[in-house]
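*Asks:* Sequence first, predicted coordinates after that:
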Amino acid sequence: MTFKVLNPGMFSTIQDAGRFSYQTFGFSPSGVLDYKAHKLANRLLGNEDDAAVLEMTLQGVELLAKKDTVISTSGAVAPVTINDKRYTHGSAIKIIEGETLKIGKCENGSRTYLAVLGGFDVPPVLGSRSTHTRSGIGGFKGRTLKNGDVLKSIGGDFSEGLKKIKPFESDNIIRIIPGQQYDRFKAQVKRKLFNSEYTITKDSDRMGIRLNGPELETDEGHDVLSEPTQLGSIQVPKNGQPIILLNDRQTAGGYVRIATVALADIPKLVQKSPGGKLAFKEIDVDEATKIYKEELTKIDSGEYFEDLRDFTSIRRHISLKISKLMEE
Amino acid sequence: MDIRRYSENSITIYIGDEINEDTNKKLVHLKNELEKMEIDGVSEIVISYTSLIIYYDIFKTTGKDVENVLKKMDLAKLEKRSLKYNLVEIPVCYGGEYGPDLALFDDNGLSPEEVIELHSNTEYLVYMLGFMPGFPYLGGLDERLFKDRLDNPRTRIPAGSVGIGGKQTGMYPFTSPGGWNLLGRTPIPLFDENREPQILYEAGDRIIYRAIDEKEYKQLQQQVEDDDYEVKITSREAN
């Protein structure tokens, strides 16, 4: 075992890239909401891109290390401390058996990720380690973490350079592609969608982000025959308040869909917290494909990293290297 | 065939705009054919009442390429082929604690025995799965069994429950809240991650319910616990 959970945070689940190929059987893809943060956390450690990480919502966890390993954090900035000493968020940090790792409140987003060398080790279900809490499958026993849970990791050798994730600015503009029933909405209703701000409500979760703003009404009805849902589908139920579907969504839905959020903007979107505001901008599917490709290429290229200059974290790495040499 | 793109990595095909067996058959044919073709980059195909979504890797193929493959397919020709499907028999213990709403069908002028008779003697077509993993959207429910959902949905419906909601019948693979009228329950796990197949049916298959008594329910339950049970699945061919 690698960690014992001393404090599980608010809603912390093990997730990998998601459970695909089973949506036709009704399995929600689940998986990390912020795919960019997931990849960056794994890359800091030299893990496979798909390695399972811990996704923490608004509030981090407290873990007791049961063996030596290397961890990294990404996504929303949160204070990272080991035995009360602060380290750099967005970098790889060595942790020694007996030390306590504490991740605090999210400061500029709503999801912080914790990766561990090799990835968290839970049995894959239908090819994925992602938790889907609604059906209780995958991840750690199909649920959020609790006090006393014992987490295992796959482990490996750490040979990555000392780097950290660059801080990035975020705005509230979300690009969207016209959806299945876009034409059911009159021009003046579409104008409302593009010229107003929508506020994220408190009942948003991993299934969907519920918005509050000017009503999007249609005379042609808000119901359709149940159809497969997609990540980022913006469905509009009868009350005219849009819901953006996320990873834990039901795989079929019967509400009209006015648009789909561009995949390139999903990481930005899922980091918004309740009370946050969104503005929408229309793009076509070809443009969306282009920017999504660019985004994935950027993540792959290492462009989101910079050299680690934080003294404490560097010293920790160096002193650990020396202590390791002395052991040998 | 109406071909559309609503996201970067998917293409949607619509066939018709209403629920019917013919449309389902076309979609299943199309899905089978596309899977057989093993198009490079295509990762997942999802079926629903009147449409099919094809997901692909944008670094391996493009929406245009997938669209071209689709345009070359001869749906009329595919339709003429016979279609293989499975008939899956689900044993159900009707009434009692397993089906607390059986007596409500008194309002429909039906005795519990008549409800069981009508419900268990039909082969239901699986149009699609959704709502929760393994939850089938079934077609073919006898009109006499149509019944509005409960005014006060239950907070907890046990896994395996079989019920009726409006014009549909179906079953809950997982324990969940819900407003359906419950007729009975099956001891067979509708999802079992250690079983092959994990889900017993897919779109295009048919389901038949076999009425069992409580004694057989308990026996089957024990067999499930011992991991020594069989589900009757018959392979069929339709023209």
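*Replies:* Good, I have the coordinates. Numbers count the residues shown, from 1 in each chain, chains lettered A, B, ... in the order given.
*Asks:* confidence score at the residue of chain B at minimum distance from chain A?
*Replies:* Chain B approaches chain A most closely through residue B:130 (2.9 Å), counting by CB to the nearest CB. Yep, even glycine has a C-beta here, placed from its N, CA and C like the rest. Residue B:130 is assigned a pLDDT of 92 by the prediction.
*Asks:* ok, it to residue A:233 distance?
*Replies:* From residue B:130 across to residue A:233, the span is 14 Å (CB to CB, to the nearest Å).
*Asks:* before we move on, what about residue A:307?
*Replies:* From residue A:307 to residue A:233 the distance is 40 Å (CB to CB).
*Asks:* Give me the more crowded residue out of these two.
*Replies:* residue A:233 (26 against 9; other CB atoms under 10 Å in any protein chain shown).
*Asks:* who's in contact with residue 170?
*Replies:* Going with chain A. Each residue near residue A:170 by CB atoms under 8 Å, 6 or more residues apart in numbering or on different chains is listed here: A:108-109, A:268, A:271.
*Asks:* Correction: the question concerned chain B.
*Replies:* Contacts for residue B:170 were tallied using CB under 8 Å, 6+ apart; they are B:135-138, B:162-163, B:180.
*Asks:* Next step: those restricted to strands.
*Replies:* B:136-138, B:162-163 (DSSP state E).
*Asks:* Ranking by neighbours, what's the top pick from those residues?
*Replies:* residue B:136 (30 neighbours).
*Asks:* Sheet-wise, list the partners of whichever strand or helix holds residue B:156 with their directions.
*Replies:* Take DSSP states H and E as the rule and residue B:156 turns out to sit in strand B:154-157. As defined by DSSP bridges, the strand partners of strand B:154-157 come to strand B:176-178 (antiparallel).
*Asks:* Moving C-terminal from the strand it pairs with, which element do we reach first?
*Replies:* Next along from strand B:176-178, by DSSP H and E: strand B:181-185.
*Asks:* got the CA coordinates for that following strand in PDB?
*Replies:* Extracted C-alpha coordinates of strand B:181-185, given in PDB (Å, rounded to 0.1, in the frame of the first residue of the first chain):
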ATOM      1  CA  ASN B 181     -44.600   0.600 -11.300                       C
ATOM      2  CA  LEU B 182     -42.700  -2.500 -10.100                       C
ATOM      3  CA  LEU B 183     -44.000  -5.900 -11.300                       C
ATOM      4  CA  GLY B 184     -41.300  -8.300 -10.100                       C
ATOM      5  CA  ARG B 185     -37.600  -8.900  -9.800                       C
END
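*Asks:* What ranges does chain B have for its strands?
*Replies:* Under DSSP E, chain B gives strands at B:2-7, B:10-14, B:42-47, B:51-56, B:83-94, B:123-129, B:136-139, B:154-157, B:161-165, B:168-171, B:176-178, B:181-185, B:206-212, B:233-238.
*Asks:* Least reliable of the ones you listed by average pLDDT, please.
*Replies:* Mean pLDDT, when computed for each of the strands of chain B, is lowest for strand B:176-178, at a mean of 89.
*Asks:* Identify each buried residue in that strand, please.
*Replies:* Residues of strand B:176-178 classed as buried: B:176, B:178 (neighbour count, 16 or more other CB atoms under 10 Å in any protein chain shown).
*Asks:* ok, now which ones touch residue 127?
*Replies:* Here I'm looking at chain A. Shown in contact with residue A:127 (CB under 8 Å, 6+ apart): A:19-21.
*Asks:* hm, I was asking about chain B
*Replies:* Residues in contact with residue B:127 (CB under 8 Å, 6+ apart) are B:19, B:24, B:48-49, B:136-139, B:203.
*Asks:* let's go with 10 Å and repeat that
*Replies:* A:225-226, B:19-21, B:23-24, B:27-28, B:47-50, B:136-140, B:168, B:203-204 (CB atoms under 10 Å, 6 or more residues apart in numbering or on different chains).
*Asks:* Could I have the buried ones of these as PyMOL selection syntax?
*Replies:* Listed next is the PyMOL selection for buried residues among those, using 16+ other CB under 10 Å:
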select buried, (chain A and resi 225+226) or (chain B and resi 19+23+24+27+28+47+48+49+50+136+137+138+139+168+203+204)
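*Asks:* can you pull up the bridge partners for the residue most central in space within chain B?
*Replies:* The centroid of chain B falls nearest to residue B:136 when counting by CA atoms, centre = their mean (2.7 Å). Beta-bridge partners for residue B:136, by DSSP bridges, are residue B:129.
*Asks:* The helix or strand residue A:257 falls within pairs with which strands, parallel or anti?
*Replies:* For residue A:257, the host element (DSSP H and E) is strand A:252-261. Partners of strand A:252-261 in the sheet, by DSSP bridges, are strand A:173-178 (antiparallel), strand A:223-228 (antiparallel), strand A:233-236 (antiparallel).
*Asks:* Just give the number of residues close to residue A:306.
*Replies:* There are 13 residues near residue A:306, going by other CB under 10 Å.
*Asks:* In terms of pLDDT, where does the nearest residue to it once chain neighbours are set aside sit?
*Replies:* Excluding its sequence neighbours, the residue lying closest to residue A:306 (CB to CB, 6 or more residues apart in numbering or on different chains) is residue A:166, at 4.9 Å. pLDDT for residue A:166: 95.
*Asks:* do you know how far residue A:166 is from residue A:151?
*Replies:* For residue A:166, the distance to residue A:151 equals 29 Å [CB to CB].
*Asks:* Name the residue in those two with the higher neighbour count.
*Replies:* residue A:151 (21 against 11).
*Asks:* Let me know whether that one touches residue A:71 as I believe.
*Replies:* No: counting by CB atoms under 10 Å, residue A:71 is not a contact partner of residue A:151; they are 11.4 Å apart.
*Asks:* Now do the shared contacts for those two.
*Replies:* Counting by CB under 10 Å, 6+ apart, the common neighbours of residue A:151 and residue A:71 are A:2-3, A:54, A:63, A:114, A:116.
*Asks:* Can you add secondary structure and neighbour count and give those back as CSV?
*Replies:* As requested, the shared contacts of residue A:151 and residue A:71 are exported to CSV (DSSP: H, G, I helix; E, B strand; the rest coil; neighbours: other CB atoms under 10 Å in any protein chain shown):
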residue, secondary structure, neighbour count
A:2, coil, 24
A:3, strand, 27
A:54, strand, 30
A:63, strand, 26
A:114, strand, 26
A:116, strand, 30
